[in-house]
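Participant: When you get a sec, could you give me coordinates for this:
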Amino acid sequence: MIVIMGASGTTGGALLRSLTASGVPSRALTRDPSRLRAHLGDSASNLVEVLPADAADTASLRAAFKGARQLFLAMANSPAQVELEWRVVDMAADSGIEHIVKISDPVAAADSPVTLSRGHHAIEELLRASGLTHTLLRPYAFMQNLLLLAPSVTTQGLILGAMQNAPCNWVDCRDIGDVAAAVLTRDDLAGGTYVLTGNEAVGYGGLAATLTHMLGRPVRYVDLAPHELRENLVRHAHMPPWLAEHVVEIQQLAVSRPESPTDTVARVLGRDPRTLDAFLHEHLGRFS
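Facilitator: I've put the predicted structure just below:
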C-alpha cells in the first residue's frame, strides 16, 4: 500500500490523480476526509482509501501507516516543518514503512542561504540515518504558484519581484506527481535523488513578455530591492513574515546561482515535461 501524506496539497493531489489514472490503489491522508472524498468523486472510491491524519498526532499516523509499505511525504513549508517531518519519519520507521519518497528542495544543504532549505537538509539527514530506502524529489519553482501573481497582473499589469534578470526553473506539479508515481511503482527508480524542472528557465522579465503577448496588453516586471519585496508581500499579499522572507531568499538565490533546466522528467517519464507556455495558456483566464 502507498500512503500519501499531504494528499490535499498540490503535489500530493497530483500524485493521487496520477496513481488513480494508472489504477494503482493508495491511502490518502488529510485533515478533512469528507472534503477530499467529495473532490475525488465516486470514480476513485474503489482505489483510494481516505483517512484522517495530522503530522502532530502520532496516534493518527500510527493508524494511517498500518499495513503500508511506502510513504509519499509532502508537507507545506512552515517553521515547524522539520519537527513535524521528523515525527512522521520516526513513526513510519516504527510502523514498518520500507520506502519514503520525500518532496525536498533543489538547494537542500547544511550551508544553504535559504532557511527552509537547511531544514530540508536536516530531514534528508534523518532519512539517511534511519536506514530506510528513501527517494528524494527536488523540484524547483512550481508553475502553480504563478497563479499567485494573477491579481497584480489583472489589476495593474505588473509582476513584482527581486530576481533582476535571473532565469528561473519552473516545473508543473503534475509532472512532479507523475515522477513520484513512477518512483513508487518502479523498483529501479527507488533510492535516487531527482532534481525536477521544466524544459526552460524563464525569469520574471520573460514571464511578463509572454503574458503581454498572450493577453494582448502590456504586463511589466518591476524589480524591487529585497527589503521592498519583503515589505510588499507582508503588507499587501498578507504573507506571514517568515514566508515573505523565504520568497525573498529563493529569488535572491536565483540571482547568485543562475538556474538551468535538467532532463530528469524526460528521463524518468519518457516524455517531455509540460511547458510554461502551455500552463499559462491553460490558466490564461486567471490573468485576464
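Participant: Surely residue 109 is in a strand?
Facilitator: No. Residue assignment for residue 109, taken from DSSP: H, G, I helix; E, B strand; the rest coil, gives coil, which places it outside any strand.
Participant: Now do the contacts for it.
Facilitator: Listed by CB atoms under 8 Å, 6 or more residues apart in numbering, the contact set of residue 109 reads 117, 118, 121. Quick note: C-beta positions are derived from backbone N, CA and C, even for glycine.
Participant: The last one: which element?
Facilitator: Assigned by DSSP states H and E, residue 121 belongs to helix 115-130.
Participant: mind checking how far that helix is from the chain centre?
Facilitator: Taking CA atoms, centre = their mean, to the nearest Å, one finds the center of helix 115-130 at 16 Å from the center of the full chain.
Participant: what's in contact with the longest strand along the chain?
Facilitator: Selection of the longest strand in the chain by residue count, based on DSSP state E, yields strand 133-139. With contact meaning CB under 8 Å, 6+ apart, strand 133-139 is reached by 11, 98-106, 108, 124, 127-128, 171, 173, 176, 179-180, 183, 189-197.
Participant: List buried residues within those residues.
Facilitator: 11, 99-106, 108, 124, 127, 171, 173, 176, 179-180, 183, 190, 194-197 (16 or more other CB atoms under 10 Å).
Participant: Please tell me how far residue 1 sits from residue 98.
Facilitator: 11 Å (CB to CB, to the nearest Å).
Participant: joint contacts of those two?
Facilitator: 69, 70.
Participant: Scan the contacts of residue 109 and report the most crowded one.
Facilitator: Each of these was scored for neighbours by other CB atoms under 10 Å, and residue 117 scores highest at 23 neighbours.
Participant: who touches residue 190 in this structure?
Facilitator: By CB under 8 Å, 6+ apart, the neighbours of residue 190 are 99, 133, 135, 183.
Participant: Those: which two are farthest apart?
Facilitator: 133 and 183 (10.5 Å; CB to CB).
Participant: before we move on, the earlier item: and the contacts of residue 109 as JSON lines, adding distance to residue 15 and pLDDT?
Facilitator: Rendered in JSON lines, the data for those read as follows (distance: CB to CB, whole Å; pLDDT from 0 to 100):
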{"residue": "117", "distance to residue 15": "22", "pLDDT": "94"}
{"residue": "118", "distance to residue 15": "25", "pLDDT": "95"}
{"residue": "121", "distance to residue 15": "23", "pLDDT": "95"}
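Participant: and which of those residues is nearest residue 246?
Facilitator: residue 117 (9.3 Å).
Participant: about what we covered before: in helices only, show me the buried ones among the contacts of strand 133-139.
Facilitator: 11, 124, 127, 173, 176, 179, 180, 183 (DSSP state H).
Participant: that older thread, any idea which of the contacts of residue 109 is closest to residue 262?
Facilitator: Minimum distance to residue 262 across those is 17.3 Å, recorded for residue 117 (CB to CB).
Participant: just checking, that closest one touches residue 107?
Facilitator: Yes. With contact defined as CB atoms under 8 Å, residue 117 and residue 107 form a contacting pair (4.8 Å).
Participant: Run through the stretch 1-150 of the chain and note the low-pLDDT ranges.
Facilitator: Scanning the stretch 1-150 of the chain with the threshold set as pLDDT under 70 gives 42-43.
Participant: all strands for it, in order.
Facilitator: Counting by DSSP state E, counting those that start in this stretch, the stretch 1-150 of the chain has these strands, from start to end: 2-5, 26-30, 48-52, 70-73, 99-103, 133-139, 141-142.
Participant: what comes up buried for the third one?
Facilitator: The neighbour-count criterion (16+ other CB under 10 Å) identifies 48, 50, 51 as the buried residues of strand 48-52.
Participant: Repeat that for stretch 241-260.
Facilitator: Neighbour-count burial for stretch 241-260 flags 243-254, 259 (criterion: 16+ other CB under 10 Å).
Participant: what's that stretch in contact with?
Facilitator: Residues outside stretch 241-260 that contact it (CB under 8 Å, 6+ apart) are 77-79, 107, 113-116, 140-141, 161-164, 166-169, 197, 201, 203, 226, 229-230, 233-234, 237, 239.
Participant: So which of these are in helices?
Facilitator: Per DSSP H, the subset of the contacts of stretch 241-260 in helices is 115, 116, 226, 229, 230, 233, 234.
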